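K.L.:
My questions concern the predicted model and sequence given below.
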Amino acid sequence: MDDIYSWPERIADREGDYLPSDDLQSLIRYSLSFQERLEIYQIFQQQELVWIQKVLQQRGHTPSSDLPPAQRLLARHLALCLRSLGLSLLMGDPSQLQQWICGAMEHYLGLPEALEQLRAVVEGSLSAEQRDMLAPHWQTLQAACPVSQTEPEIPAAPPPVAEVEPAAATPEPALTLMEMFV
Amino acid sequence: MTTLREILQEQTLPGHCFSPAYYIRPDIHTGLLASRGGYRLAAFPMPLLEALYSGLRYETGQAARVILYNCGRDWGEEFFRRFEDELSRYHNQPLRELPMGILLDALSDLWATHGWGRLELDFSAGNQGLVQATVRNSGFALAARASLRPEDSSAPREPAGYLESGVLASLFSLLSGRDLICVQTTCESLGADQNRFLIGTAQRLHNCEEWVRKGLSHDEILDRLTATPEGSR
Amino acid sequence: MNLMLTELMQKTEGRYLQADELKTLRAYVEGIPKRVRIYQILQAKESELLDRVIEKFQPMLPNLTRQHGHLAWERCRRDLSMVWRYCCMAMLLNDEDYLRDKLLYWLETILKSFKMRDQCQPAYKLMLDSLAYVLGVEESEMIRPYLLLAKSMLVS
């Protein structure tokens, strides 16, 4: 049940020809597993809040308090990851996840590490079969969002997104673009 | 107070506005390419860009660089309007209220999605009023190199990303509300591994072009700019 | 993936599918095994169908090789085979746009520019007429709409 490939690509590869029997078999397998996919998708929908709450707690946020800006952004990104994972699983098509962008912002927010925590939390709420079904989709997403910083040079002093939270209560907030060119 | 529940209640969560998976929308029926926000796009063949470069150089000589820089500036103004409109609509927030990180990633995505290369912005010299931009795999530098004829090889060689310099100057002028210029210090068309740009006020960068012509490296130029007394705030 | 699903993915960026969207998706996905079964039959019967079409078509155009060279009938068969295969894929995907976008717009221009529309017209009628002889009722009905679309765009 680990069929995971981009349908548009397969179809494009066989344009003007017939799809090979393997592809047809995996289409049938996809169809027959749709109900299970849908069940996982609906668990995502129901548990999104609880799961993300857990991850934020693990990262030191107290549940009842107001979310600071960086946590808000992180929470939003985590939810976006869950929704995209769910869609990828439901459609049996990882193309959106393959094009996932993990920018400087997500690295700054610690999204790759938070995703690992989220995965552990999610997997803890699923059965072994459900985890297996989801695993290749996680792999695709995490490949696009790797934990190790692969960039050769990491700016030592203020990272390029230092002013990500203009409203944060740091004693000396970073310059805004306007102030920079005085 | 913003709670997690409130965030997740948002019907649609924004991700990357300019992600290639969503941003460019072709329509074979009308022959149009449109962007997410409905702006018309058109694929620009590399040989056409090469021909524009060599044609301009042949017809106007040294003026070509000024023409291209100014074209870049004009383009940058329109480009900023589209960027602002699409990004603020997508995030449902005015551009100026968006976290800087989102804005910078969006610019970088926009470059990549259009096939212009990988843009990175470095604000480490921000206190000296300088933004450094780096573009790898620039299609513009590639076209500039390909457009050179054998007879051009004897002419002194300078960085060729005038269009990019112009567009970056405009973009940052409009983002910051200051009139800024942009000078390119290294260029893939000259064999460098990346194109580097300095963005700042004309006053701050006034010796820069001269230093580039004299062959100073990016770091040497940056050192000079940040070492001068007026370089510190 | 078919256009409907591509559009669904596009418009559901960043959110969960709504009930009506899930219903549409489920309806297509649950129909896949049947479509695959029919697709395999259509693939297996291609040769027999085209033999029959060409056999009946040849007497209608006795001068074809004189006009278009000795490979004219091979090319004719190749084109019909192409149309058939794109129709089959479109049926599998439940997507008329696939057929239109990937083949018909292009082939329509070719046939027009070579002024072949009138000459090719009977071939498409023969293909439609032959369905009943080569295929069962269910398969014929599943592929017919796509062949009709091809006929209407290419030769009508």
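P.N.:
Nice, thanks for sending it over. Numbering: from 1, shown residues only, chains lettered A, B, ... in the order given.
K.L.:
When you work out contacts or count neighbours from here on, use the C-alpha atoms and nothing else.
P.N.:
OK.
K.L.:
List the residues that contact the residue nearest the centre of chain B.
P.N.:
Nearest to the mean C-alpha position of chain B, counting by Cα atoms, centre = their mean, stands B:Leu168 at 4.1 Å. Neighbour list for B:Leu168: B:Arg73, B:Gly76, B:Cys182, B:Ile199 [criterion: Cα atoms under 8 Å, 6 or more residues apart in numbering or on different chains].
K.L.:
please redo it, this time with the cut-off set to 10 Å
P.N.:
B:69, B:72-73, B:75-77, B:80, B:133, B:162, B:174, B:180-183, B:197-199 (Cα atoms under 10 Å, 6 or more residues apart in numbering or on different chains).
K.L.:
Next up, identify which helix or strand B:Leu205 is on.
P.N.:
Element membership for B:Leu205, per DSSP states H and E: none, as it lies in no helix or strand.
K.L.:
picking up where we left off before, among the contacts of B:Leu168, name the ones in strands.
P.N.:
B:Ala133, B:Ile181, B:Cys182, B:Val183, B:Phe197, B:Leu198, B:Ile199 (DSSP state E).
K.L.:
List just the nearest of those residues to chain C.
P.N.:
Chain C lies nearest to B:Ala133 out of the ones in strands among the contacts of B:Leu168, by Cα to the nearest Cα, at 30.3 Å.
K.L.:
That closest one touches B:Ala125, doesn't it?
P.N.:
No: taking Cα atoms under 10 Å as the definition, B:Ala133 is not a contact partner of B:Ala125, at 11.3 Å.
K.L.:
quick one: secondary structure of A:Val121?
P.N.:
helix (DSSP: H, G, I helix; E, B strand; the rest coil).
K.L.:
Nearest spatial neighbour of it, chain-adjacent residues omitted?
P.N.:
A:Trp51 (6.4 Å; Cα to Cα, 6 or more residues apart in numbering or on different chains).
K.L.:
got the contact list for the one you found?
P.N.:
Residues near A:Trp51 by Cα under 10 Å, 6+ apart: A:Phe44, A:Gln57, A:Leu78, A:Ala79, A:Leu82, A:Gln117, A:Leu118, A:Arg119, A:Ala120, A:Val121, A:Val122, A:Ser125.
K.L.:
Then C:Ser140?
P.N.:
With Cα under 10 Å, 6+ apart, C:Ser140 has these contacts: C:Ile38, C:Leu42, C:Leu128, C:Ser130, C:Leu131, C:Ala132, C:Tyr133, C:Val134.
K.L.:
Pull out the buried members of those residues.
P.N.:
Burial by neighbour count, 16 or more other Cα atoms under 10 Å in any protein chain shown: within the contacts of C:Ser140 this picks out C:Ile38, C:Leu42, C:Leu128, C:Ser130, C:Leu131, C:Val134.
K.L.:
before we move on, the earlier item: can you say which of the contacts of A:Trp51 are buried?
P.N.:
Taking 16+ other Cα under 10 Å as the criterion, what is buried in these is A:Phe44, A:Leu78, A:Ala79, A:Leu82, A:Gln117, A:Leu118, A:Arg119, A:Val121, A:Val122.
K.L.:
Chain C: which of those residues is nearest?
P.N.:
For the buried ones among the contacts of A:Trp51, the nearest to chain C is A:Ala79 (8.3 Å; Cα to the nearest Cα).
K.L.:
Run a quick check on that closest one versus A:Ile52, I expect a contact.
P.N.:
Yes: the pair formed by A:Ala79 and A:Ile52 meets the contact definition of Cα under 10 Å, at 7.3 Å.
K.L.:
any common contacting residues for those two?
P.N.:
Common neighbours of A:Ala79 and A:Ile52 (Cα under 10 Å, 6+ apart) are A:Leu118, B:Leu8.
K.L.:
where along chain C do the helices fall?
P.N.:
Ranges of helices in chain C, per DSSP state H, are C:3-11, C:19-30, C:32-57, C:64-68, C:72-93, C:96-99, C:105-113, C:117-134, C:137-154.
K.L.:
for the chain, what's the longest helix?
P.N.:
This is for chain A. helix A:34-58.
K.L.:
meant chain B actually
P.N.:
Max-length helix for chain B by DSSP H is helix B:63-91.
K.L.:
Check the offset of it from the chain's centre.
P.N.:
How far helix B:63-91 lies from its chain's middle: 9 Å, per Cα atoms, centre = their mean, to the nearest Å.
K.L.:
Pull out the buried residues from that helix.
P.N.:
Going by neighbour count (16+ other Cα under 10 Å), the buried part of helix B:63-91 is B:64-65, B:67-73, B:75-77, B:79-80, B:82-84, B:86-88, B:90-91.
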